[in-house]
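Trainee: Need a 3D model of the following:
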Amino acid sequence: MFRLTALTVVIPLLLHAQQGSGTISGTVTDPQGALMPGVRIEVRNTGTNAVFRTTTNDQGLYTAPALPVGGYEVAAESEGFKRAVRSGITLQVDQRAAVDFTLSLGQVTEAVEVTGEAPLVDAGSATVGKVVENRRVQELPLNGRNALSLTLLTPGVRSNSASSSGFGDRGVEVSSISINNAPNAMNAQVLDGGNNVQTYLGEVNMNPAVDAVEEFKVQTNTMSAEFGFTAGGVINLATKSGTNSLHGTLYEFLRNDKLDARRAFAVEKGVFRYNQFGASAGGPVIKDRTFFFGNWEKWIFRKAVPKIGTFPTLSQRQGDFSDLFDSRGRQVPIYDPATTAPNPQGSGFIRLPFGGNRIPSNRLDPVALNIQNFYPEPNRTPSDPFTNTNNYQRNASEERSSQQFTFKVDHRLSNSNTLFGRYSRYGHTTDGGAPDVGTTGIYPDPVVSKRDDKLKNHNALLSDTHIFSPFLLNEFRLGLTRSTFPFQVRSFGGNWPQKLGFPPVVPNDTFPQISNGTPAFNTGTAGFRGSISWQIFDMLTRIQGGHTMKFGVEHRIIRGNNFQRSSPSGNFSFNAGLTGNPLAPSGTGSSYASFLLGEVASASVTTHLGAAFHGYATSFFFQDDWKATRRLTLNLGLRYDFQQQPVERWNGISNFDPSGIDPETGLKGIMVYAGVDGQPRSFRKDDKNDFGPRIGFAYDIAGNGHTVIRGGFGIFYPWIFNTLFFGSTTGFASTPTSYTPVGGSNFAAFRLKDGFPFAPIPPMGSALGPGAFLGQSVSMAESDGSTPTSLQWNLSLQQQLKGNWLVDATYSANRGYHFIGSGYDLNQLDPVHDSLGLALQDRVPNPYAGMVPGALGAATITRSQSLRPFPYYNTISVSSPRLHQFTSHLLLLTVEKRMSQGFTMLFSYTAGKVIGNSGVGELIGFAAESASAAGYQNGKFDRRPERSVEPRDISQRAVVSALYELPFGRGKAWDTRNAVAGKLIEGWQVNTIGTMQTGRPLGVTGASNFRANRPNSTGQSAKLDNPTAERWFDTEQFINPANFTMGNLGRLLPDVREPGIVNWDLSLIKNTGITERVNLQFRAEAFNFMNHVNLGRPGTGFSPGPDGKNRSGSFGVITSSDDARIIQFGLKVIF
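Mentor: Here you go, the predicted structure:
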């Protein structure tokens, strides 16, 4: 009878389970402190009236697991004792809230009620983490209203961006976030208990609107074994749910450039419009049984940026180059390529100039003239009257929009089963391609300037909870993430090559790409990227004595397609040499004149078929949270992950085998193909050793729940199914075809109007054979498929103080190995030969002459090439080697004040260092923010100099967030009895987010000595005491290395960093009650409201002159900054 009754009351309470759940547990004692078994416990959800009933065990302990986040009331009663009630308890995501009771003697009908939250300290888990609760999510100032940007409030988390948002708009780039100093794209995202990371780029699949988010938790280090596929942390997000009362919002937010400040270095602000609007609602369908919640939101972004470029003058468009001058006012003569002839006076060729520097109209190529119609005519005074530089300007416009919705239902199927279902969809459209309207935006015709991106992400989750007893329950989840991303330039499918006059040999896909000295067209890309991932998850929870044990399995099935055309109608290049003087080319010729003549210097076209990758991952885990004593809790777990190496559906993968022998030439080093001649489907071996133990403890030092010491250790393995881990599709997905002049660089490859000399070569796959790429550059995937591994450990002390204050000091460490590092050249020349010096450039007889195609099959090759391990290949790029290792040590400090008396505050401080041995492979984020050191300088032979601080290293970071209700109005310190005055002065609130952090390391690249890609250091620090934007570091401390030596500069500078960040966001909120249940909220928000100039990164490209010192004008100079002050207004109706 008890079990039936318990099931009846447990089921409603678990209606929202796994939409972000937690646990309430505690002990019950009598007045003398003795533990009390058999005490009846009742846990009631104040939003749905759902009740969970259980009893304390022999140790006086009770546990209520898998409870949805929200408000609770807990009661304890036993014969001979007064009923005790604790109300006002808020349970957060993945929280183990301790609610203890000491019963007083008396009648059960008497009640002792205490109002108050559960203790702030976490005495039940060793996990390092922080919850961002609903009020912070809803009311803190958010640039772009991106809820996940609030992850940056927590210690140990940082983003690539200085702004409050710090994210892109294609979904949300989880790759922008580093947790616990792990590499980007190595974090797990959980939405309502299901996977929320899409395949390929590792981005967040669904980023719910702010008004759909209940709360989320950033957790790392010694997490429960049910969490995996991360090397840094887990962002565990819970969406809102319906309750027994109808609630919702209507809202709109807007931004306008007229309200914003001008960014430093910008000539003008440019046009900017931003509107974000939506609605949400949740409530009962059937009271206490079925609930719903839904949210819809859309935002529209419009931008116009002034663009300046250089185009041919009106006379030059007609073939008249009499106005073609260099910067010193000297006329640049153009020569007639049709008159090219051998030099009768010696070697080389001669050529006659055009009379008057004018090309006869009958010589102008008709295809070139048709293309010229897309070039705008000059409309502004040039910045240089001789060269006509920057003679055209227009405002390049871009519009982006997104639309999303979330709908969820919780329903009780029977007394033993509940069902939860949610479907979310996110759509994003842009008409510009690049987020900031690149140089292509200068063209007024959208055919050559616009690219349409249409991203659609889907996220669905179905969860079933079956209750066997109050001490045994099973949770099953079926999840789906799907992403489709068609992208294409406006010219795609318009038959533009045919319209321009090209013959059929030129593919008719898009407008061709032209390189003739004018800004590039946006005509080169069209394709589709799609992925789908199924997640099956089942977990059995057993409560026995002080043990809460979980047994589970997770299985993921992944499919992905990628088809991307890159310049499918060809890339045609023109240079000044074909209209210059062959004997004295300097200061002669014009690439645009060559274009008008149709004299193509070179061309290429790529034929595409695409690729489809798939794989699966299976995990098993066990977790035991054991309340060993009243003060000590142990968290013991073990997880096993198996991730299949991604394979191509039709075996469309190739690889370089350095030990294979080409049967035709007998040369060592061949191409091999997946599934052919005994080759595996993936050239990287599966790793079957991914065991991840989790060991943690939490000890209540004084036994009063106010001082807890916690610590633990865990091993984690990140998700590998993204582009960094895919194999090479060379020869399958695409095949490039190149067209070069037969007679040498003084002659054209072909005439533009004639099209390609021969048809483009289609992909042939394995039919290419083992020697297909002899004489070329190839790539190789090493067989080592070891899964990147993260070892994390921590030790923390939590202290709860009076007045609802909490102080948390944590030491957190992360040790990573087998991560992807920078690639290197397997065909690198051994440094022992560098002593030969310039003799390495001498031509020597080629033993492979005639055996391989191209220049490496000529009669002679350079001595340097002859001494390489594979002289008949150029570069052999080892891609994504498992070489990267890093070690991170962090001090995390949190000071938090829980909301009371109208004030709440969270201060997070992070200090530490991360050191690694390689430029870690990143998906998106760090390419723009890190040192630009190009791979290993001497990667094949000596990697020790690569050890340095990592690009993501931030020595110190502090973030403060606060909400303060001004003390005016009813019930406040300054009250008024006047109703009208009360409406005006009450309901005001001030909120802020402040971010301060030190800069990231800088790396210097560039050298000119036949070998190095970094300069030498003089031995003196380049750090300046008072750096400026014009001179951020001492550029005199770098010098070009001697010929054929490696630069002695490390991968990153040890003591020179980019500028730090100081950014304060502020919002002012006015709440006005319309009725008892309807509230009107006005918001004014300012991002970087102090208008502090946060400088960008300085130029780090070293370019030496004859004296070995830098001659680059941008080296050490800062020319950009982050956003200036931005103003946003919002209006919400809350009911």
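
Trainee: Point out where this protein drops to low pLDDT.
Mentor: Residue ranges of the chain with pLDDT under 70: 1-20, 160-175, 201, 432-440, 723-725, 919-941.

Trainee: quick one: the helices in the stretch 901-1050 of the chain?
Mentor: For the stretch 901-1050 of the chain, helices defined by DSSP state H, counting those that start in this stretch occupy the ranges 979-985.

Trainee: show me where it has strands.
Mentor: Taking DSSP state E, counting those that start in this stretch as the test, the strands found in the stretch 901-1050 of the chain are 903-916, 948-949, 956-965, 988-997, 1016-1017, 1038-1039.

Trainee: So which other helices or strands are in contact with the last one?
Mentor: In terms of contacts (3 or more CB pairs under 8 Å, 6 or more residues apart in numbering; DSSP states H and E), strand 1038-1039 is packed against strand 1016-1017. Any C-beta I mention is one placed from the backbone N, CA and C, and that applies to glycine too.

Trainee: next one: the longest one
Mentor: Where contact means 3+ CB pairs under 8 Å, 6+ apart, strand 903-916 is packed against helix 134-139, strand 884-900, strand 948-949, strand 956-965.

Trainee: Could you pull up phi and psi at Gln316?
Mentor: For Gln316, the backbone dihedrals (degrees, to the nearest 10) come out as phi -60, psi -30.

Trainee: what's the answer for Thr220, then?
Mentor: Main-chain torsions, Thr220, degrees, to the nearest 10: phi -150, psi 160.

Trainee: related to what we said a few turns ago, distance to Leu801 and mean neighbour count for the helices and strands packed on strand 903-916 - can I get that in TSV?
Mentor: Below are these laid out as TSV (distance: least, CB to CB, whole Å; neighbours: other CB atoms under 10 Å):
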stretch	distance to Leu801	mean neighbour count
helix 134-139	20	18
strand 884-900	9	19
strand 948-949	36	22
strand 956-965	17	19
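
Trainee: which one of these lies closest to Ser790?
Mentor: Across the helices and strands packed on strand 903-916, Ser790 has its closest neighbour in strand 884-900 (9.3 Å, CB to CB).

Trainee: Just give me how far the closest one sits from the chain centre.
Mentor: Mean-position distance between strand 884-900 and its chain equals 21 Å (CA atoms, centre = their mean, to the nearest Å).

Trainee: Pull up the pairing partners for it, direction included.
Mentor: strand 805-819 (antiparallel), strand 903-916 (antiparallel) (DSSP bridges).

Trainee: export these to CSV and tack on mean neighbour count?
Mentor: Shown next, in CSV, are the strands paired with strand 884-900 (neighbours: other CB atoms under 10 Å):
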stretch, mean neighbour count
strand 805-819, 20
strand 903-916, 20
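
Trainee: So which of the strands of the stretch 901-1050 of the chain is nearest Pro470?
Mentor: Set against Pro470 and scored by CB to CB, those come closest in strand 903-916, at 34.8 Å.

Trainee: by how many degrees do the closest one and strand 988-997 diverge?
Mentor: Strand 903-916 runs at 20 degrees relative to strand 988-997, counting by axes from the mean of the first three to the mean of the last three CA atoms, to 10 degrees.

Trainee: Identify all contacting residues around stretch 1124-1132.
Mentor: For stretch 1124-1132, contacts defined as CB atoms under 8 Å, 6 or more residues apart in numbering pick out 141, 143, 249-256, 259-264, 274, 1080-1091, 1093.
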